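Student: Return atomic coordinates for the entry below.
(chains A and B)
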Amino acid sequence: MKNKKRQSTRNYLEATARQRISDFLDKGTFCELFPPTVGVSSPHLHYFSIPRSFDDGVVIGEGMLGGFPVAVVAQEGRFMGGAIGEVHSAKIVGLLKRCLRSRPEALLFLFDSGGVRLQEANAGELGVAEIIRALLDVRATGIPVFGVIGGSCGAFGGAGIISGCCDILMVSEEGRIGVSGPEVIETNMGVEVFDARDKALVWRTYGGKNRFLQGQANELVENSVAEFRAAILRYLPCPANYSLESLEKEYKELKKRAEKFSGSHDALEVWRKLGFEEPEKIPALTTDELKMLREKK
Amino acid sequence: MKAKEILEKIFPSGFAVQFGEQVFSGTGETSSGTIAVIGTANHPVLGLSIILELSELLLRVMRDTPGRPILMLVDNDGQKMALEDELLGLNQYIAHLVKLQDLARRRGHPVIALVYGNSCAGGFIGFGLCAGQTYATPDSNTSVMILPAIARVTKLPLEYLEELSKTVAVFAPGVDNFERTGGVQSVWEGDLNRCLEEALQKEQSVDQRAELGAQRGGRPLAAKISKQIADA
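Tutor: All right, here's what the predicted structure looks like:
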C-alpha cells in the first residue's frame, strides 16, 4: 500500500521515460516496440565520439490506459537532451504508421526534447517533418494525439513545433515550450534581446503557466505522473479534430492573440491584458490556485 | 536568384503575382492549368506576422479554389529569434502554417515547395519541408546550423567537421546533403518549367523521404526501422 502511494505521486519531472510510461499505463500492460535488445543505435554518433544509447533517447510501445488501448511515445531527456536524430525519429514514425493499422483509442506523446540533434542535423530536421506528417495522418483518421510536456528538456525546436500539431496539450508548470530557447536567442541576437540568466523571465516566457493562460496548452497539471494520467482520462474517449474548420478557428485565435498582445515584452504584460489584476503574483501560485483564479475570469 | 527571375523561368506562359515586402502571391500558368503561387523573398525570418500572412494565403486557396495546386517559393533565414514571438507561442504559429500545407495536400491540392533562396532550421520545417514534395535550385542554401556553430556545440574542431562533411551527409548544411538524406526530392536545373510540370504529375500520398534517403545512402536506417515497427 505504501509502495502504491509512492508510485501514484511520482514526480513527473524527475522520472525517466520508462518510469513515466509504466506509471501512466494500466499496470503491466506496456509492450515496448523496438526495445534496446534489438540492438540498433545511432549510426552517426561515433563520428563525434559520443556514446550511443540502444533506445536512441526515445521509448515507444503500446498498452492500456483506463482500459483503452493506446500507443505511447516517451522521449528520454537524459540521453542527449532527448534530441531527435535518425533512429529516434524513425522509431516515432514507425509507431505512428502502425497506429493506422492497430487503431488505438489515442496516441500519447510524452515530450522531453531540445529539438533536432545537431550531430545528425539533417536527419533530425527531416525526422521532425516526417513525424509531423505521420502524426497528422493519425489525426486525419480520427485518432486523437495527446501531447504531455513536463520533462526537464521541455519541448523546444522541432519538438516544440510537433507539440503544436497535437489535438490536446497538457503541461505542468515545470514544462517549457518554445522554438528557440533563451540561450540560443541570447547567443544569436545578444543579451539585450534575451538575458538567458534571468530565470524568472525564462519561466514566465516558456513555462507551463504562460502556455496555459494563453490557451496554448489545454490543461495545466501538477508535476506528477498520476495527475497527467487522470487529466487524459477525463478526455477519453474523444475524436481527433483535424479539419479546415478547426484550422480556420485556430487561425482566428492566433491572429487575435498576435494583435492583442502585440509589442508585449514580458508575460506580466500579457497576463495583465488577459484580465489578471496582479500578474506579478502568478508565478508563486500553485497550479490549483491559478486554475481557480482563471475560472473566475 | 531573385523571385521575379525564377517566376519567369518557371512560368514562361505567364503569371500574375503581387509582391509585398517579404511575401508574394498570385497565380501561374502551366500546361495543366492555373496554379497558386505563395512565396517569400529577401530571406525574412519567420515570426508571427509573416506566418499569419502566409497562413491566410493558404486558407484562401483552400476556400476559394479547391484542388488547385500550390507552388511555395521558399526563401527564409529560419525562425525569428525574439522574446516577443516566443512569448506568444511561435511554435504554435509555425505548427499552424505546417498543418495548413498538410491539410491542403489532403484536400487534393498538390503542394510543391521550391527552395530558391535560403531555408534554415525552424524556417525550413515551417515553410519548405512540410509540403507534399520539396525541391531546391542548385544555388539555394538549406541548413539546420552552420558548421562553425556545430563545432562550438559539439566542441569538435571545425577542420574535422569540414573534412567529415565531405563523406557524411547527415549533419552538414547544403542542398546536396538534403538531397542525399532524401529531404530534397531533386534539384531543379535547366528548364524549370519542365521541372514543375513533372512535379505536378507526381503522386503525393506517400512520404517517400526515408526511402529516398536509404537509396541515396545519406540516411541508411530510417526507412528500415519505421517499416519494421509499422509492420511488426
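
Student: in chain B, what secondary structure element scores lowest on mean pLDDT?
Tutor: Of all helical and strand segments in chain B, the minimum by mean pLDDT, DSSP states H and E falls on helix B:147-154, at a mean of 86.

Student: what about the residue in the stretch 151-297 of chain A positioned nearest to chain B, how many neighbours?
Tutor: Closest to chain B within the stretch 151-297 of chain A is residue A:164: 2.6 Å, counting by Cβ to the nearest Cβ. (Each C-beta comes from the backbone N, C-alpha and C, glycine too.) Using other Cβ atoms under 10 Å in any protein chain shown, residue A:164 has 25 neighbouring residues.

Student: In contact with the nearest residue to it once chain neighbours are set aside: list those residues for me.
Tutor: What sits nearest to residue A:164 in space, not counting adjacent residues and going by Cβ to Cβ, 6 or more residues apart in numbering or on different chains, is residue B:95, at 2.6 Å. Shown in contact with residue B:95 (Cβ atoms under 8 Å, 6 or more residues apart in numbering or on different chains): A:132, A:161, A:162, A:163, A:164, A:165.

Student: Residue A:84 bridge partners, please.
Tutor: When bridges are called by DSSP bridges, residue A:84 pairs up with residue A:116.

Student: Just confirm it contacts residue A:113, I think it does.
Tutor: Yes: here residue A:84 reaches residue A:113: they are 6.2 Å apart, a contact under Cβ atoms under 8 Å.

Student: Need the residues touching each of those two.
Tutor: Common neighbours of residue A:84 and residue A:113 (Cβ under 8 Å, 6+ apart) are A:158, A:159.

Student: Am I right that residue B:16 falls within a helix?
Tutor: No: with DSSP: H, G, I helix; E, B strand; the rest coil as the criterion, residue B:16 is assigned strand and is not in a helix.

Student: Excluding residues flanking it in the chain, which one is nearest it?
Tutor: Among residues not flanking residue B:16 along the chain, residue B:26 sits closest, at 4.8 Å (Cβ to Cβ, 6+ apart).

Student: so what strands line up beside the helix or strand containing that neighbour?
Tutor: Under the criterion of DSSP states H and E, residue B:26 resides in strand B:23-30. According to DSSP bridges, strand B:23-30 forms sheet pairs with strand B:15-19 (antiparallel), strand B:33-40 (antiparallel).

Student: who's in contact with the shortest one?
Tutor: Outside of strand B:15-19, the residues that reach it under the criterion Cβ under 8 Å, 6+ apart are B:3-4, B:7-8, B:24-29, B:37, B:39, B:41.

Student: Now do stretch A:220-234: distance to the chain's middle.
Tutor: Mean-position distance between stretch A:220-234 and its chain equals 13 Å (Cα atoms, centre = their mean, to the nearest Å).

Student: Give the phi and psi angles for residue B:14, as a check.
Tutor: Main-chain dihedrals, residue B:14, degrees, to the nearest 10: phi 120, psi 150.

Student: Would you agree it is in contact with residue B:29?
Tutor: Yes: here residue B:14 lies in contact with residue B:29, judged by Cβ under 8 Å, at a distance of 4.8 Å.

Student: quick one, which of these two is more surrounded?
Tutor: Here residue B:14 and residue B:29 are compared on neighbour count by other Cβ under 10 Å; more neighbours surround residue B:29, at 15 against 11.

Student: Next, the contact list for residue A:185, please.
Tutor: Here residue A:185 is in contact with A:193, A:194, A:196, B:81, B:82, B:83, B:86 (Cβ under 8 Å, 6+ apart).

Student: circling back: packing partners of the least confident helix or strand of chain B?
Tutor: Here helix B:147-154 touches helix B:158-164, going by 3 or more Cβ pairs under 8 Å, 6 or more residues apart in numbering or on different chains; DSSP states H and E.

Student: Check which residues of the helix it packs on are buried.
Tutor: B:161, B:164 (16 or more other Cβ atoms under 10 Å in any protein chain shown).

Student: Which SSE is immediately downstream of that helix?
Tutor: helix B:175-180.

Student: Can you dump the C-alpha atoms of that next one in CSV for me?
Tutor: Extracted in CSV, the C-alpha atoms of helix B:175-180 (Å, rounded to 0.1, in the frame of the first residue of the first chain):
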residue,chain,number,x,y,z
VAL,B,175,21.3,21.2,-50.8
ASP,B,176,23.3,18.1,-51.8
ASN,B,177,23.2,16.8,-48.3
PHE,B,178,19.5,17.3,-48.0
GLU,B,179,19.1,15.5,-51.4
ARG,B,180,21.2,12.6,-50.2
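
Student: For it, name the packing helices and strands.
Tutor: helix A:121-140, strand B:133-136, strand B:141-143, strand B:186-187.

Student: With respect to residue A:25, which of those lies nearest?
Tutor: Across the helices and strands packed on helix B:175-180, residue A:25 has its closest neighbour in helix A:121-140 (18.5 Å, Cβ to Cβ).

Student: the inter-axis angle of the closest one versus helix B:147-154?
Tutor: If you take axes from the mean of the first three to the mean of the last three Cα atoms, to 10 degrees, helix A:121-140 sits at 80 degrees to helix B:147-154.

Student: and helix A:121-140, is it in reach of chain B?
Tutor: Yes: using Cβ under 8 Å from any Cβ of the partner chain, we find that helix A:121-140 touches chain B at A:121-130, A:132-134, A:136, A:140.

Student: Which one of those sits in the busiest neighbourhood?
Tutor: Within the residues of helix A:121-140 next to chain B, neighbour counts (other Cβ under 10 Å) peak at residue A:123, which reaches 37 neighbours.

Student: so what's that one up against?
Tutor: The neighbours of residue A:123, taking Cβ under 8 Å, 6+ apart as the test, are A:44, A:85, A:86, A:89, B:170, B:171, B:181, B:213, B:218, B:219, B:222.

Student: Out of those, the closest to residue A:171 would be?
Tutor: Of all the contacts of residue A:123, residue A:89 has the smallest distance to residue A:171: 22.5 Å, by Cβ to Cβ.

Student: measure the residue nearest to the closest one when sequence neighbours are not counted to residue A:10 for me?
Tutor: Nearest residue to residue A:89 in three dimensions, chain neighbours excluded: residue A:127, at 2.5 Å (Cβ to Cβ, 6+ apart). The gap separating residue A:127 from residue A:10 is 29 Å, by Cβ to Cβ, to the nearest Å.

Student: can I get the contacts of residue A:123 in TSV with neighbour count and distance to residue B:149?
Tutor: Output for those, formatted as TSV (neighbours: other Cβ atoms under 10 Å in any protein chain shown; distance: Cβ to Cβ, whole Å):
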residue	neighbour count	distance to residue B:149
A:44	23	18
A:85	28	17
A:86	28	20
A:89	32	21
B:170	27	16
B:171	27	12
B:181	30	19
B:213	28	23
B:218	24	21
B:219	30	22
B:222	29	24
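
Student: Quick check: of those, which lies closest to residue A:33?
Tutor: residue A:89 (14.7 Å).

Student: pLDDT score for residue 26?
Tutor: With no chain named, the answer covers chain A. On pLDDT, residue A:26 comes in at 97.

Student: Switch to chain B, please.
Tutor: So, for residue B:26, pLDDT stands at 98.

Student: so what's it bridging to?
Tutor: residue B:17, residue B:37.

Student: Identify the residues contacting it.
Tutor: B:15, B:16, B:17, B:18, B:36, B:37.

Student: close to chain B, is stretch A:214-224?
Tutor: Yes: judged by Cβ under 8 Å from any Cβ, stretch A:214-224 comes into contact with chain B through A:214, A:216.

Student: Tell me where the model's unsure across chain A.
Tutor: Residues of chain A meeting the criterion pLDDT under 70: A:1-8.

Student: Show me where it has its strands.
Tutor: Taking DSSP state E as the criterion, chain A carries its strands at A:31-33, A:58-65, A:68-75, A:106-111, A:145-149, A:168-172, A:219-221.

Student: low-scoring stretches of chain B, by residue?
Tutor: Those would be none, if you go by pLDDT under 70 across chain B.

Student: What spatial separation is found between the most centrally placed residue in chain B and residue A:235?
Tutor: In chain B, the residue lying closest to the centroid (Cα atoms, centre = their mean) is residue B:128, at 1.7 Å. Going from residue B:128 to residue A:235 by Cβ to Cβ gives 33 Å.
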